[in-house]
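Asker: pasting the structure only:
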């Protein structure tokens, strides 16, 4: 079955710096790749997603890139702010009737003011 | 639009008991998925229901079961609770037209097994 590896497990950056989190997946049939942000004690929130027919997607300070050949995708956060501090999860799905999400283990991002 | 809701938010049970958790999806969403979140194993997929039918199942023992009702509300049941079942149980709904894959999570039910 699908396996998603996520790196790094922890990431500490200074406010204003960029942060990059990387994930690799094993099943070439996966075609949907969301990213979730989970603050302490709260539910995971969908922050951005990308489908396999697109190589890059941007939403303000957040961008996601996908390399289907290498089977990896990355989350880029620019101009980080203290409120970006949270655990970020990547996930992969085959969509449709096999739409269950397989998650990476998460990255704890700390943004120091 | 109201988000995904889950009840109860917290539960304390003892080993051997059983528990039922409930999830109400976003209005119009027909798919409900359940996940277990623990510090050690992260977020793991339990099962997915769509139109009252289990469509996908993760790698959990048969003690974990679920169902979905005609109004898309879903319940999951864990029988013969073990200490290792202590976790945050999250449900997620999806199925909005044009956004079939996007899953939106509820606040979770924190289950503690003593």
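Answerer: That came through fine. The structure presented is a predicted model; accordingly, all values stated were derived computationally and were not measured.
Asker: Going along the chain, name the helices of the chain.
Answerer: Went with chain A since none was named. Ranges of helices in chain A, per DSSP state H: none exist.
Asker: Quick one: neighbours of residue A:39, just the number.
Answerer: Around residue A:39 sit 12 other residues, with neighbours defined as other CB atoms under 10 Å in any protein chain shown. In this view, the C-beta of every residue, glycine as well, is placed from N, C-alpha and C.
Asker: Now do it, the pLDDT please.
Answerer: Note for residue A:39: predicted pLDDT of 96.
Asker: Please list all residues in contact with it.
Answerer: Contacts for residue A:39 (CB atoms under 8 Å, 6 or more residues apart in numbering or on different chains) come out as A:86, A:87.
Asker: How about residue A:28?
Answerer: Going by CB under 8 Å, 6+ apart, residue A:28 touches A:68, A:71.
Asker: do you know how far it is from residue A:17?
Answerer: Counting by CB to CB, to the nearest Å, the gap from residue A:28 to residue A:17 is 34 Å.
Asker: now do residue A:113
Answerer: 12 Å.
Asker: What residues are bridge-paired with residue A:67?
Answerer: Listed by DSSP bridges, the beta-bridge partners for residue A:67 are residue A:72.
Asker: ok, back up a step: neighbour count for residue A:113 and residue A:17, which is higher?
Answerer: residue A:17 (13 against 8).
Asker: State the number of residues packed around the nearest residue to that one once chain neighbours are set aside.
Answerer: In space, residue A:17 comes closest to residue A:80 once its chain neighbours are excluded; the distance is 5.7 Å by CB to CB, 6 or more residues apart in numbering or on different chains. As a burial measure, residue A:80 scores 21 neighbours (other CB under 10 Å).
Asker: now swap in the one 5 residues further on and tell me
Answerer: For residue A:85, the tally of surrounding residues (other CB under 10 Å) stands at 19.
Asker: show me what contacts it?
Answerer: A:109, A:110, A:111.
Asker: State the distance from residue B:31 to residue B:94.
Answerer: Distance, residue B:31 to residue B:94, by CB to CB: 5 Å.
Asker: anything in contact with each of those two?
Answerer: In contact with both residue B:31 and residue B:94: residue A:99, using CB under 8 Å, 6+ apart.
Asker: wait, what's in contact with residue B:70?
Answerer: Contacts for residue B:70 were tallied using CB under 8 Å, 6+ apart; they are residue B:52.
Asker: Per-residue pLDDT of residue B:100, please?
Answerer: Taking residue B:100 on its own, its pLDDT is 65.
Asker: same check, this time on the one 3 residues further on
Answerer: Looking at residue B:103, its pLDDT reads 91.
Asker: Count the neighbours of the nearest residue to it once chain neighbours are set aside for me.
Answerer: Leaving aside its chain neighbours, residue B:103 sits nearest to residue B:92 (3.9 Å; criterion: CB to CB, 6+ apart). For residue B:92, the neighbour count with other CB under 10 Å is 28.
Asker: And the helix or strand harbouring residue B:92, how far out from the chain middle?
Answerer: Secondary structure from DSSP states H and E places residue B:92 in strand B:87-94. In this view, strand B:87-94 has its centroid 5 Å away from the chain centroid, taken as CA atoms, centre = their mean, to the nearest Å.
Asker: try stretch A:15-35
Answerer: 4 Å.
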